[in-house]
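[1] what's the 3D shape of this:
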Amino acid sequence: MNRTASKNNKISIRNLTIRYGNFTALSEVSLDIPANEVFGIIGPANSGKTSFLNALNRMDMMRTTMQVEGSVLFNGVDVRSWSNVYALRSKIGVVFPLPVGLPLSIYDNVALSPRLRGIANKSQIDEIVERSLRRAALWDEVKDRLTSLGSLLSGGQQQRLTIARALSQDPEVLMLDEFSIAVDPVTTMRIEDVLKELKQQMTVILVTNLVQQANRLADRTAFFLDGRCVEVGETRALFAGKVTDQRTHDYIEGRFG
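    Prediction:
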């Protein structure tokens, strides 16, 4: 599981340990995530999956009790060496389990990040908004009502709007934390199709409580349990029973979780 960091790896994690006070949520995780793959993370609740994501783009800064040890390298550079954490988060975007809609129009939800980056040309912003909504498979549904409030969209549409907002930053990594919790099966499949296409342009890290979703989407999958990374392997091999730890197979088969 411990591998030497390579220039081909978009993210390399070494001995990552996360604590909240006296509680250890994640212990000595080491793994590599190459560019342009969908990397799945599965495991039961409270296994450290969300804490892992939080460490990648330094969301621990928003959680005063969260203590991070070890290293996270993004393009070979430790994320803690970035003086501008907001620039880091524009490179490593995140989509949360529940849609986080801003009290803005559909257009302004997606245009917010480009404007904050200093882009003022309307035609350029128009292009970014359309491209982002198209990449999130939402453009055809909203192109005639871009001035409507994003909060008036259905739950599935709001989740895709959240993805479009993340994509408007042109991230190199897109992290999704159990995105399908609040959306219907049809929308889930539409977003899965989006993710399959996005990996041609970026790295996707997918935390999912649906093991078959990892099987459908992930090139490689990591199994987390009790704050440890039990195993990382090619998804097809893991789901075919080619595991190094029986607990991985038992979890995939639904024997616990």
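[2] which stretches of the stretch 1-150 of the chain form strands?
    Using DSSP state E, counting those that start in this stretch, the strands of the stretch 1-150 of the chain run over 9-20, 23-34, 38-42, 66-74, 77-78, 92-95.
[3] Low-confidence ranges, the chain, go.
    Of all residues in the chain, those with pLDDT under 70 make up the ranges 1-7.
[4] Give me the most central residue, this structure.
    residue 175 (1.0 Å; CA atoms, centre = their mean).
[5] What pairs with the helix or strand where it lies, parallel or antiparallel?
    For residue 175, the host element (DSSP states H and E) is strand 173-177. Note on strand 173-177: by DSSP bridges, its sheet partners are strand 92-95 (parallel), strand 203-207 (parallel).
[6] Could you tell me the angle between the very next helix or strand once past it and strand 38-42?
    Counting by DSSP H and E, the next helix or strand C-terminal to strand 173-177 is helix 185-198. For helix 185-198 against strand 38-42, the angle by axes from the mean of the first three to the mean of the last three CA atoms, to 10 degrees is 130 degrees.
[7] which helices and strands does helix 185-198 pack with?
    With contacts taken as 3 or more CB pairs under 8 Å, 6 or more residues apart in numbering; DSSP states H and E, helix 185-198 sits against helix 122-135, helix 155-167, strand 203-207, helix 211-217. C-betas here are computed from N, CA, C, even on glycine.
[8] okay if I get the ones you listed as a markdown table plus distance to residue 247?
    Listed next are these as a markdown table, based on distance: least, CB to CB, whole Å:
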| stretch | distance to residue 247 |
| --- | --- |
| helix 122-135 | 37 |
| helix 155-167 | 31 |
| strand 203-207 | 18 |
| helix 211-217 | 13 |
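[9] which of the strands of the stretch 1-150 of the chain sits most buried?
    strand 38-42 (a mean of 26; mean count of other CB atoms under 10 Å).
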